[in-house]
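> Sequence below, structure please.
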Amino acid sequence: METIAKSLRDSKAARWTALTIVSFTMMFGYFFTDVMSPLEPLLTLAKEQGGLGWTSDEYGFFSGSYGFFNVFLLMLFFGGIILDKFGIRFTGVLSTVLMFAGALIKWYAVGHDFGGELFGYKMQVIWACLGFATFGVGCEIAGITVSKVIVRWFTGYELALAMGLQVALARIGTAGALSFALPFAQKMGGASSAVGLGAAMLCIGMIAFIVYTVMDKKLDASCAVSETADDEGFKLSDIKVVFTSKGFWLIATLCLMFYAGVFPFLKFATKLMISKYGVSENIAGLIPAMLPFGTIILTPLFGSLYDRIGKGATLMIIGSVLMTFVHIVFALPGIDAWWLAVAVIVILGVAFGLVPSAMWPSVPKIIPMQLLGTAYALIFYIQNIGLSLVPILIGKVNGVNTDNGVTNYTPSMLIFAAFGFVAILLALMLKREDARKGYGLEKPNVVG
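From the prediction side, this is the model:
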């Protein structure tokens, strides 16, 4: 009877099929997240030259708008509670619908000049921010939902490898956006065409998750511990378990510092390659695109390593050190060889493979399953603080340090390096806390 009850989760084909479906949904989400990142040169180009005439400040404000609703309206936190209370199927469909709706708003905004201003920003920028913020709610809730999906199917199996592969597919989406969005927009007549392509992909991703819900129902029917049992085990009062866990707060703050040094950097990396390293505008996006392309291989590799030998906290320390080194190199004035930019991006790719491959599978070792949605939501919420505020900060810093169209990137790169230094300290503290509490972060994930 035990064997029958667990047969679907024990089926390698079933669990890897489920992973593939939800991973494609997130891949399209990550493509849309960064589809505007390489378009900064086009967005800030004067209207008479074929651009949208946005300022660096407006671009930074737009880039940060992704997390506005998640951070200031606590939408992501509520999304985690909804996930734990109402389950994967309801929350996943809701999140993918929000992603698609936000994408449509952003696509319409980028393609139309509304005229007028609000809060000192063009109305076109405001509407684009509204769409991006709505999409951001859906994308982040989808992210925590997919994380819980993977934990549900792969606990006791190849958990870190599965999470690493999901991240790898997500990075394909990011890399695709960074590599092809600008050439596509230039060929197809403007930024709105690239945004429209991303919206079409999100529609496919929404349909893919609806297909997954059929598998999820079958898992409930065949699994000894169903999603329904998990939902009944959730009590709002139990959230204090998350809030009072020192290990949880260390990993959440580490996530904030590490991702603040990566994703906001990518928003500005294309123009950095053009302005500081003299790379042609047509291929500048390919250099930062190497980062997510590298993690496509490295994240599953490091995840498999964590599954087999453990050392999760150690992997996070090494990754944080590498990220700090990279931003210090980018901050050095007078060093503008394009090959050096390529080399340090490769190193950042290694860091970007190390930390997430160890960080996300470590959360279930600290927080129980019935609270996992809330825990992931809080981590994503804290991460969104960085994703929202850091691009705005960097946009303003770059604006202040721009003279006659030439930007001095040293101040902004030093800010990113500071995030890395704090991440190192947090990772060291997490390793010490693991030794005290016995979370098992340094132990393998595969049982038996």
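> Name the surrounding residues that touch stretch 389-405.
For stretch 389-405, the surrounding residues in contact (C-beta atoms under 8 Å, 6 or more residues apart in numbering) are 55-57, 59-61, 63-64, 71, 260, 264, 267-268, 407-412, 415, 419. No exception for glycine: its C-beta is placed from N, CA and C like everyone else's.
> in the stretch 301-448 of the chain, which spans are helices?
With DSSP state H, counting those that start in this stretch as the criterion, the stretch 301-448 of the chain has helices at 312-331, 338-366, 372-400, 410-437.
> Could you save these as TSV and add columns showing mean pLDDT?
Output for the helices of the stretch 301-448 of the chain, formatted as TSV (pLDDT from 0 to 100):
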stretch	mean pLDDT
helix 312-331	94
helix 338-366	89
helix 372-400	85
helix 410-437	95
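> Just the pLDDT at the closest residue to residue 188 other than its chain neighbours, thanks.
Closest residue in space to residue 188, ignoring its immediate chain neighbours: residue 194 at 7.4 Å, by C-beta to C-beta, 6 or more residues apart in numbering. Looking at residue 194, its pLDDT stands at 89.
> For residue 194, grab the count of nearby residues.
If you count neighbours by other C-beta atoms under 10 Å, residue 194 ends up with 28.
> Let me know the helix or strand that it is in.
helix 191-222 (DSSP states H and E).
> The helices of the stretch 301-448 of the chain: which one's closest to residue 137?
The closest approach between residue 137 and any of the helices of the stretch 301-448 of the chain, judged by C-beta to C-beta, belongs to helix 372-400 at 9.7 Å.
> Go through the closest one and flag the buried ones.
With burial defined by 16 or more other C-beta atoms under 10 Å, the residues of helix 372-400 counted as buried are 372-384, 386-395, 397-398.
> Show me where the chain dips below the pLDDT cut-off.
Low-confidence segments of the chain (pLDDT under 70): 1-7, 46, 48-51, 223-238, 447-448.
> could you pull out the strands for the stretch 101-250 of the chain?
Using DSSP state E, counting those that start in this stretch, the strands of the stretch 101-250 of the chain run over 117-118, 121-122.
> Just list the residues touching the residue nearest to residue 188, thanks.
35, 36, 39, 181, 182, 184, 185, 188.
> so which of the helices of the stretch 301-448 of the chain comes closest to residue 212?
Ranking the helices of the stretch 301-448 of the chain by proximity to residue 212 (C-beta to C-beta) places helix 372-400 first, at 16.4 Å.
> how far does the closest one sit from the chain's center?
10 Å (C-alpha atoms, centre = their mean, to the nearest Å).
> So that it lines up with my notes, have the first residue be 15 from now on.
That works, and once the first residue is 15, the last one we named lands at helix 386-414.
> and the angle from it to helix 352-380?
Helix 386-414 runs at 150 degrees relative to helix 352-380, counting by axes from the mean of the first three to the mean of the last three C-alpha atoms, to 10 degrees.
> gap between stretch 359-368 and the chain center?
15 Å.
> same question but for stretch 255-262, I mixed them up
Computed by C-alpha atoms, centre = their mean, the separation of stretch 255-262 from the middle of its chain amounts to 22 Å.
> what's next to it, contact-wise?
377, 380-382, 385, 388-389, 392, 444, 447-448, 451, 453.
> What residues of that stretch count as buried?
255, 256, 259, 261, 262.
> Output it as PDB - backbone C-alpha positions only.
Extracted in PDB, the C-alpha atoms of stretch 255-262 (Å, rounded to 0.1, in the frame of the first residue of the first chain):
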ATOM      1  CA  VAL A 255       8.100  29.800  13.200                       C
ATOM      2  CA  VAL A 256       9.400  31.500  10.100                       C
ATOM      3  CA  PHE A 257       9.800  35.000  11.800                       C
ATOM      4  CA  THR A 258      11.700  33.600  14.800                       C
ATOM      5  CA  SER A 259      14.200  31.500  12.800                       C
ATOM      6  CA  LYS A 260      17.700  33.100  12.700                       C
ATOM      7  CA  GLY A 261      18.800  30.700  10.000                       C
ATOM      8  CA  PHE A 262      15.800  31.900   7.800                       C
END
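> Make sure I have this right: residue 67 is in a helix.
No. Applying DSSP: H, G, I helix; E, B strand; the rest coil, one finds residue 67 to be coil, outside a helix.
> Surely it and residue 61 touch.
Yes. In this structure, residue 67 is within contact of residue 61 by C-beta atoms under 8 Å, at 4.4 Å.
> out of these two, which sits in the busier spot?
Counted by other C-beta under 10 Å, residue 67 and residue 61 do not tie: residue 67 has more neighbours, with 15 against 10.
> and the closest residue to residue 207 other than its chain neighbours, how many neighbours?
Distances taken as C-beta to C-beta, 6+ apart place residue 199 nearest to residue 207, at 5.7 Å, with adjacent residues excluded. The tally of other residues near residue 199 (other C-beta under 10 Å) stands at 23.
> I figured residue 199 hits residue 55, correct?
No. Judged on C-beta under 8 Å, residue 199 makes no contact with residue 55 at a distance of 10.3 Å.
> which neighbours do these two share?
Listed as contacting both residue 199 and residue 55 by C-beta under 8 Å, 6+ apart is no residue at all.
> In contact with the closest residue to residue 127 other than its chain neighbours, which residues?
Once flanking residues are discounted, residue 127 sits nearest to residue 138: 5.8 Å by C-beta to C-beta, 6+ apart. Residues near residue 138 by C-beta under 8 Å, 6+ apart: 66, 123, 124, 126, 127, 128.
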